[in-house]
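[1] Task: produce atomic coordinates for the following.
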Amino acid sequence: MNDGVNGVALAVFIFFFVLVTAMGFLAARWRRAANDQSLDEWGLGGRSFGTWVTWFLLGGDLYTAYTFVAVPAAIYAAGAAGFFAVPYTILVYPLIFTFLPRLWSVSHRHGYVTTSDFVRGRFGSKGLSLAVAVTGILATMPYIALQLVGIQAVLDVMGVGGGKDTNWFIKDLPLLIAFGVLAAYTYSSGLRAPALIAFVKDTLIYIVIAVAIIYIPIKLGGFDDIFAAANDKFSDSGKGGLVPDHGGQWTYATLALGSALALFMYPHSITATLSSRSREVIRRNTTILPLYSLMLGLLALLGFMAIAAGVKVDNGQLAIPQLFENMFPDWFAGVAFAAIGIGALVPAAIMSIAAANLFTRNIYKDFIKPDATPAQETKVSKLVSLMVKVGALVFVLGMDKTVAINFQLLGGIWILQTFPALVGGLFTRWFHRWALLGGWAVGMIYGTVAAYGVASPTQKHFGGSSKEIPGIGEIGYIGLTAFVLNVAVTVVLTFVMRALKAPDGVDETKPGDYTADAGDPGVEVELPPATAGTSH
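    Residues are numbered from 1 along each chain as shown. Model (predicted):
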């Protein structure tokens, strides 16, 4: 790692950062509505994005700076086991093809802005809606923090911020500046800012990966030498080579399946989805988004390249930025660093907007100020989006990076527990609202307690997301085990509630709402009723 600042790379990085900053502020004028004082406009971009804008937005949302850093870092540290991210992104697209168009239709029919809006309207339960909202906010916070970790990794490799003995303020000043700029244009432009910047971000990432997958292997002697070096490393370490053993295969499969089920439960995924202008846009996107899975597979190979290139880092998150620093000319290393940095800004903006929308619609409006006007909702959401970013920044600056990573893993366990209420509610209302709440509670408690008991070389608690599966004895993903318990409890409690004739909440949706498209009668409703059809 260089002791000084890589001036050329830093200059290129600053150029692209200034470019996207200008785009972020100019986005406020892009497709601007006559009245932008509503969450439909600020938080969902006016629900007006077409196929390509939605594709770039979803890609920018799901394939983040942390993905760019962490997926190949997992390969660098653990071998082929780190490839679980590739099959899970392949599994997820047929899954979302079945339910995202239905969610889009019912949300546009009733003006739903968040998943909790839908859950409240479908099951007539503010309590269940609150549970989904709180889970979404808790799961999103460490995810935002990891985007800042991605930026910090790039800055460290470029030598920005000084050495270990540098004053903390000077060391973290570049990150503080990046955070301030992100907060400012998100506040000003809402979802339009990351939607516009996503074009630059994804273009840079595709260019960097295309060059890396050709240029770096040529310099290293070809893929035969790369895989041989990686195999030697893992054989010498006693891990048995590249391929995980039988026990590792259980972990691999359950982690891939659980992650696929969880990915579109995250609030930011739904926010990007609901910003599109028709259900057909969603259907088309589920067929072309797998192009990102191809990119992800190529990206993962960078982990093996880092091994073959002899990259040695104490923090695995620095492996890929350091690979770029070592292998690319300085100017193109700057392009690669800019791709990672911008890849952090786009999802961080969407995530903060999504978390703010949840707070505003499902906590502030439902429990604090039921008569809030659209303008008041927008103002509160803007302020909360700033608070969410501040919280993520404090998390990154005040805690060890390993802690941030493991809390993000815990967030994945938590967010999966909202699947029965959201996806189940899109297809059936057989599940009782109280049973869904009970299943959610059991899944959350089991997942949290199980994760608390997992240790790692650096942490006594929350050291990972895999543990022995009760009754099977194999090591598997805690989130999937908690999800199975969640569903089992929900089903059993539903039978109990039906037998006891416990009251259902009022369903404000109709069967036709789930297949309605833009332009159909009744679709364009500005806001749902504040309290109609709901109860605790």
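[2] from memory Ala11 sits against Ala333, does it?
    No: contact criterion Cβ atoms under 8 Å: Ala11 and Ala333 do not qualify, at 11.2 Å. No exception for glycine: its C-beta is placed from N, CA and C like everyone else's.
[3] residues near Val281, how many?
    Applying other Cβ atoms under 10 Å, we find 21 residues neighbouring Val281.
[4] I meant Ala300, not that one.
    If you count neighbours by other Cβ under 10 Å, Ala300 ends up with 22.
[5] Mind pulling the model confidence for it?
    Taken from the predicted model, the pLDDT recorded for Ala300 is 89.
[6] could you measure Arg498 against Gln249, distance?
    Distance of Arg498 to Gln249, computed by Cβ to Cβ, to the nearest Å: 40 Å.
[7] If you could redo that for Ser125, that was the one I meant.
    Taking Cβ to Cβ as the measure, Ser125 and Gln249 are separated by 40 Å.
[8] Please say which of the two ends up with more neighbours.
    The residue with the greater number of neighbours, taking Ser125 and Gln249 and applying other Cβ under 10 Å, is Ser125; the counts read 25 against 14.
[9] What sits closest to that one if chain neighbours are left out?
    Distances taken as Cβ to Cβ, 6 or more residues apart in numbering place Arg433 nearest to Ser125, at 4.1 Å, with adjacent residues excluded.
[10] check which helix or strand covers Gly463.
    In this structure, Gly463 sits in neither a helix nor a strand according to DSSP states H and E.
[11] Model confidence at the nearest residue to it once chain neighbours are set aside, what's the number?
    What sits nearest to Gly463 in space, not counting adjacent residues and going by Cβ to Cβ, 6+ apart, is Ser456, at 2.9 Å. Among the per-residue scores, Ser456 shows a pLDDT of 76.
[12] which other helices and strands contact the helix or strand where Ala78 lies?
    Using DSSP H and E, the secondary-structure element containing Ala78 is helix 65-78. Under the contact definition 3 or more Cβ pairs under 8 Å, 6 or more residues apart in numbering; DSSP states H and E, helix 65-78 sits against helix 85-110, helix 126-158, helix 290-300, helix 302-308, helix 319-327, helix 330-359.
[13] try it again with 6 Å
    Using 3 or more Cβ pairs under 6 Å, 6 or more residues apart in numbering; DSSP states H and E as the contact definition, the elements that helix 65-78 packs against are helix 126-158, helix 290-300, helix 302-308, helix 319-327, helix 330-359.
[14] So if I had to pick from Ala11 and Ala333, which one is more boxed in?
    Taking Ala11 and Ala333 together and counting by other Cβ under 10 Å, Ala333 has the greater number of neighbours (26 against 12).
[15] From Ala262, how far out is that one?
    Noted for Ala333: a distance of 34 Å to Ala262, by Cβ to Cβ.
[16] likewise Gly505?
    Using Cβ to Cβ, one gets 26 Å for the distance from Gly505 to Ala262.
[17] Which of the two has more residues huddled nearby?
    Between Gly505 and Ala262, Ala262 has the larger neighbour count (other Cβ under 10 Å), namely 26 against 22.
[18] rewinding a little: you'd agree the residue nearest to Gly463 is in a helix?
    No: counting by DSSP: H, G, I helix; E, B strand; the rest coil, Ser456 falls outside a helix, being coil.
[19] show me where pLDDT drops low in the stretch 101-250 of the chain?
    Applying pLDDT under 70 to the stretch 101-250 of the chain flags residues 161-171, 237-242, 244-247.
[20] mind checking pLDDT for the spatially most central residue of the chain?
    For the chain, the residue nearest the mean C-alpha position is Leu62 (5.4 Å; Cα atoms, centre = their mean). Model confidence at Leu62, given as pLDDT, is 78.
[21] got the contact list for it?
    Applying Cβ atoms under 6 Å, 6 or more residues apart in numbering, we find Leu62 in contact with no residue.
[22] all strands of the protein, in order?
    466-468, 475-477 (DSSP state E).
[23] can you redo the ones you listed as a markdown table with distance to Ala338, mean pLDDT and mean neighbour count?
    Below are these laid out as a markdown table (distance: least, Cβ to Cβ, whole Å; pLDDT from 0 to 100; neighbours: other Cβ atoms under 10 Å):
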| stretch | distance to Ala338 | mean pLDDT | mean neighbour count |
| --- | --- | --- | --- |
| strand 466-468 | 34 | 89 | 19 |
| strand 475-477 | 34 | 91 | 24 |
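[24] Save the ones you listed as CSV, and put in distance to Thr140 too.
    Putting the strands of the chain into CSV (distance: least, Cβ to Cβ, whole Å) gives the following:
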stretch, distance to Thr140
strand 466-468, 22
strand 475-477, 20
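[25] Which one of the ones you listed lies nearest to Leu294?
    When the strands of the chain are compared for distance to Leu294 using Cβ to Cβ, the nearest one is strand 475-477, at 24.3 Å.
[26] what residues does that closest one touch?
    247, 250-251, 254-255, 258, 466, 468-469.
[27] Just the pLDDT at Gly519, thanks.
    Note on Gly519: pLDDT of 66.
[28] Just the buried residues of the contacts of strand 475-477.
    Neighbour counting with 16 or more other Cβ atoms under 10 Å marks 250-251, 254-255, 258, 466, 469 as buried within the contacts of strand 475-477.
[29] Okay, and which of these map to helices?
    Under the assignment DSSP state H, these contribute 250-251, 254-255, 258 to helices.
[30] For the residues you listed, please prepare CSV with the additional fields distance to Thr135.
    Output for these, formatted as CSV (distance: Cβ to Cβ, whole Å):
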residue, distance to Thr135
Trp250, 26
Thr251, 24
Thr254, 21
Leu255, 20
Gly258, 15
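[31] Looking at those, spot the one nearest Gly121.
    When these are compared against Gly121 (criterion: Cβ to Cβ), the nearest one is Gly258, at 27.6 Å.
[32] With adjacent residues omitted, what lies nearest to Thr140?
    Counting by Cβ to Cβ, 6+ apart, the nearest residue to Thr140 once its immediate chain neighbours are dropped is Ala355, at 4.6 Å.
[33] if I look at the one you found, how far off is Ile137?
    Distance of Ala355 to Ile137, given as Cβ to Cβ: 5 Å.
[34] Which one of these two is surrounded by more residues?
    Between Ala355 and Ile137, Ala355 has the larger neighbour count (other Cβ under 10 Å), namely 31 against 21.
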